[in-house]
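Colleague: Build me a model from this:
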Amino acid sequence: MTRFRVSADTAWLAILVLSVVVLVFTVQLFTVPAAARARRRMVDRAVADLAADRTVGPATLLDPGTAVNGAALIAYYELDNGQAYVVQLTVEGHRSPMQLLVGLQRKGSIFALRMIESGELLWAIARAPRFLEPFIGSGGERPIPRSVSQLDFDSYAAVSGASITFAAIAEALLQASRFVEELP
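Modeller: The predicted structure is shown next:
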C-alpha cells in the first residue's frame with residue numbers, strides 16, 4: 001500500500017486557494033444583491049422621469065422567453081390607470097445588448113424613450129437622446145421608422161453610422177407598441 005504524503009507547500013497552497021474561494025463567495029453574497037437593488041432603483045427613477053406627472057403602477061414582469069428578432073420585453077408599468085405605459089425592453093445592438101424604456105400612449109404611439117444601459121460604444125450612448133428622437137411620436141397611427149432611409153436629413157445625421165442598431169431598436173419599439181395596443 002502506497003501512502004500519500006502532502007508537502008507543507010502543497011498544504012499552504014490548498015489553504016490559500018480555499019481562502020480565496022471563500023472570500024470571492026462572501027463578496028458575491030453581499031455585492032450581487034446590492035447591485036441588483038441599485039439597478040432596480042435606477043430603473044424606477046428612470047420610469048418616474050419618463051412618466052413625468054403621471055401616476056405609476058408597479059412593474060409587471062413579462063416572460064423572458066418572449067424574445068423576437070433580438071428584442072425582449074422585460075416589464076411594463078401602467079401609467080394613470082392604463083392611459084399610458086412604460087415598457088422596459090432589451091435590444092440586441094450591433095455590439096452588445098441595450099436596455100431601453102419606452103413611454104407609450106394607450107394607442108401605441110411613443111411619447112418618450114430613454115436608453116438606460118448599453119454596451120455599445122461610448123459615442124452611441126452620449127448621443128442616445130438625439131439618436132432616439134426620430135422615434136418620438138411614431139407608433140400607433142404613425143409608422144415607426146424602421147430604416148435610416150425613412151428619416152429626414154437632420155435625423156439621418158444623428159443616426160449615421162449606426163443603422164444596424166437603429167433597425168434593431170425600431171423592431172423592438174414596434175413590438176412594444178403592438179404589445180401596449182393589445183393590452184386589455
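Colleague: Please make it C-alpha for all contacts and neighbour counts, starting now.
Modeller: Noted.
Colleague: Downstream of the least confident helix or strand in the chain by mean pLDDT, the next helix or strand is which one?
Modeller: Across the helices and strands of the chain, mean pLDDT, DSSP states H and E gives its lowest value to helix 153-159, namely a mean of 48. Per DSSP states H and E, the first helix or strand lying C-terminal to helix 153-159 is helix 163-182.
Colleague: buried sites along that following helix?
Modeller: In terms of neighbour count (16 or more other Cα atoms under 10 Å), helix 163-182 has its buried residues at 163-178, 180-181.
Colleague: Stretch 43-55 too?
Modeller: Neighbour-count burial for stretch 43-55 flags Val43, Asp44, Ala46, Val47, Ala48, Leu50, Ala51 (criterion: 16+ other Cα under 10 Å).
Colleague: So which of the residues you listed belong to helices?
Modeller: The helices, defined by DSSP state H, take in Val43, Asp44, Ala46, Val47, Ala48, Leu50, Ala51 from the buried residues of stretch 43-55.
Colleague: where in this protein is pLDDT low?
Modeller: Within the chain, the ranges that satisfy pLDDT under 70 run 1-4, 65-70, 94, 119-129, 146-164.
Colleague: residue boundaries of the helices in it?
Modeller: Using DSSP H, the helices found in the chain span residues 8-51, 122-126, 128-132, 153-159, 163-182.
Colleague: Quick check: closest non-adjacent residue to Leu132.
Modeller: Nearest non-adjacent residue to Leu132, counting by Cα to Cα, 6 or more residues apart in numbering: Leu113, 6.8 Å away.
Colleague: That neighbour touches Leu89, doesn't it?
Modeller: No - with contact defined as Cα atoms under 8 Å, Leu113 and Leu89 do not form a contacting pair (11.0 Å).
Colleague: Neighbour count: the two, which is higher?
Modeller: The neighbour count for Leu113 versus Leu89, taken as other Cα atoms under 10 Å, is higher for Leu89 (24 against 21).
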